[in-house]
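Engineer: Next comes the sequence, and after it the predicted model I'd like to discuss.
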Amino acid sequence: QVQLVESGGGLVQAGGSLRLSCAASGSIFSIERMGWYRQAPGMQRELVAAITSGGTTNYADSVKGRFTISRDNAKNTVYLQMNSLKPEDTLVYYCNALIKTKGGPGPVYQYWGQGTQVTVSS
């Protein structure tokens, strides 16, 4: 069993910063990719940022230059530094991880965190 535990959401004024963290634990052999998604009510989750085990990153156009994703492979933890926050960033943010639970050839499983609310006031 694998768990993703998020922290760091909250309320901030426009222009401010927040840092989200997500730690993976459990039966983990390797983590192929970790990332953050966000979701508005009634809408599909959208990718915010992701980072591979090798450090390759990708970002949604709406957050490029403002958000930075990083990871600590030794701690199985991913971070999202969010700067210059805007009211439209107000959403629930979900941690996502693609994980192999065993070595050798085999499936990669997708896991989600429970979500953390980010609220940006104008």
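Structural biologist: Great, that's in hand.
Engineer: Around the nearest residue to Gly106 once chain neighbours are set aside, how many other residues sit close by?
Structural biologist: With sequence-adjacent residues excluded and distances taken as Cβ to Cβ, 6 or more residues apart in numbering, Gly106 is closest to Lys100, at 6.3 Å. From N, CA and C alone the C-beta is placed, and that goes for glycine too. Residue neighbour count, defined by other Cβ atoms under 10 Å, stands at 17 for Lys100.
Engineer: do Tyr59 as well
Structural biologist: Tyr59 has 19 neighbouring residues, counting by other Cβ under 10 Å.
Engineer: Which helix or strand contains the closest residue to it other than its chain neighbours?
Structural biologist: With sequence-adjacent residues excluded and distances taken as Cβ to Cβ, 6+ apart, Tyr59 is closest to Ala49, at 4.8 Å. For Ala49, the enclosing helix or strand under DSSP states H and E is strand 46-52.
Engineer: Likewise for Cys95?
Structural biologist: Assigned by DSSP H and E, Cys95 belongs to strand 91-100.
Engineer: Show me what that strand is packed against.
Structural biologist: Helices and strands touching strand 91-100, by 3 or more Cβ pairs under 8 Å, 6 or more residues apart in numbering; DSSP states H and E, are strand 2-7, strand 18-26, strand 30-39, strand 77-82, strand 109-112, strand 116-121.
Engineer: So what are the sheet partners of the shortest one and their directions?
Structural biologist: Spelled out, it's strand 109-112. Sheet partners assigned to strand 109-112 using DSSP bridges are listed as strand 91-100 (antiparallel).
Engineer: Could you check the angle the partner strand makes with strand 116-121?
Structural biologist: 150 degrees (axes from the mean of the first three to the mean of the last three Cα atoms, to 10 degrees).
Engineer: Tell me what angle strand 91-100 forms with strand 77-82.
Structural biologist: Per the same axes, to 10 degrees, the angle that strand 91-100 makes with strand 77-82 is 150 degrees.
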